[in-house]
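>>> next comes the sequence, and after it the predicted model I'd like to discuss.
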Amino acid sequence: MQARRLHRFVIPLALLLSVVSAAAPQITLPNQKDSLKFAIIGDSGTGSKSQYQIAEQLISTRTPFAYEFILMMGDNLYGGSDAKDFRKKFEDPYKSLLDSGMKFYATLGNHDNPNERFYERWNMKGERFYTFKPKPGIRFFALDSNYMDPKQLDWLEKELAASGSDWKIMFFHHPIYSSGGAHGSDVQLRQQLEPMFLKHGVDVVLAGHEHFYERIKPQKGIYYFISGGAAKLREGDVNTRSELTAKSYDSGYHFMLVELGKDTMYFQTINQDGKTVDSGSLTRFSDADKKKLAGLATTQSSR
């Protein structure tokens, strides 16, 4: 029995030791005192060496960039959701973060068991979709894009209408805009959600599912990001001729850091070697500009 327990301990330790030599990322965000700071991982739950590599980089960035929580874009556990799966594919890789009290907020992916919503450390409180407000003026909305039923759409309509927040940020698994060859844009989901996003002034939409990183050119006054490469990679999958892409990265694993100021979103995307593969700042579109862009897009599509 002792030998078995030792063996189970050595596996994650060996994975951690294999990434110790990776360079610590250089933080380029403004890192302002009063901004909201958070991180993003997607398609992370493999328990593989790649997950530990990204976890180590994620952990190392917290000292210079004190992010407050981590968003999970779904596919949080591949291949089962028993206690051993939660331990191997979540609790062990992010142990030091969890021990420090770091909060994770998850959304369900197509490889996730719906019952994972009851797992306390993912802060879903048993719900497939939910919202939280970490700071005045900023609200996040987590959706279950596996099953966009009328109940969820009605809930979202009411929550967005009552939000009153300056920043409205959505996160869910399946991207409604994507240049991926394996999946691409989920047009049906876009038809269900985009009119509501435009009506209520959503600012940012985050997704996973595609095993790469993509920053989409603004669509009707909304910024879209795909971050699905925290442990899975579909190398060479981004369509390089796509008119949607502002920036993409499909040759390595990655995670994101984000900082929100009053009207500006700063972001930095980092790979498993600690190198920055994308960064920048985006100014939040005004309500007036959003209405103009949404109206222009509607007019063009009707021609």
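Cool, the structure landed.
>>> would you map the helices across the chain?
Under the criterion DSSP state H, the chain contains helices at 2-17, 49-61, 83-86, 95-99, 150-163, 187-199, 287-302.
>>> out of the ones you listed, flag the one nearest P25.
helix 49-61 (5.3 Å; CB to CB). Quick note: C-beta positions are derived from backbone N, CA and C, even for glycine.
>>> enumerate every residue touching Y130.
By CB atoms under 8 Å, 6 or more residues apart in numbering, the contact list for Y130 reads M124, F141, A142.
>>> ignore what I typed, I meant S251.
E235, G236.
>>> how about K37, what does it touch?
By CB under 8 Å, 6+ apart, the residues touching K37 are L29, N31, F65, A66, Y67, E68, L257, V258, E259, L260.
>>> please disregard the earlier target; I meant D186.
So D186 contacts S145, H174, P175, I176, S178 (CB under 8 Å, 6+ apart).
>>> and the pLDDT at it?
Note for D186: predicted pLDDT of 98.
>>> what's the spacing between it and H173?
Counting by CB to CB, to the nearest Å, the gap from D186 to H173 is 10 Å.
>>> identify the contacts common to those two.
Common neighbours of D186 and H173 (CB under 8 Å, 6+ apart) are S145.
>>> so for K88, what's the nearest residue that isn't a sequence neighbour?
Of all residues not flanking K88 in the chain, G47 sits nearest, at 4.1 Å (CB to CB, 6 or more residues apart in numbering).
>>> how many residues are close by the one you found?
Residues within reach of G47, counting by other CB atoms under 10 Å, total 23.
>>> same check, this time on G180
22.
>>> thought it was touching T240?
No. Using CB atoms under 8 Å, G180 is not in contact with T240, being 11.7 Å away.
>>> hmm, back to that, could the helices of the chain go into JSON lines alongside distance to T264 and mean neighbour count?
Shown next, in JSON lines, are the helices of the chain (distance: least, CB to CB, whole Å; neighbours: other CB atoms under 10 Å):
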{"stretch": "helix 2-17", "distance to T264": "36", "mean neighbour count": "11"}
{"stretch": "helix 49-61", "distance to T264": "20", "mean neighbour count": "22"}
{"stretch": "helix 83-86", "distance to T264": "37", "mean neighbour count": "14"}
{"stretch": "helix 95-99", "distance to T264": "26", "mean neighbour count": "14"}
{"stretch": "helix 150-163", "distance to T264": "20", "mean neighbour count": "14"}
{"stretch": "helix 187-199", "distance to T264": "20", "mean neighbour count": "16"}
{"stretch": "helix 287-302", "distance to T264": "15", "mean neighbour count": "13"}
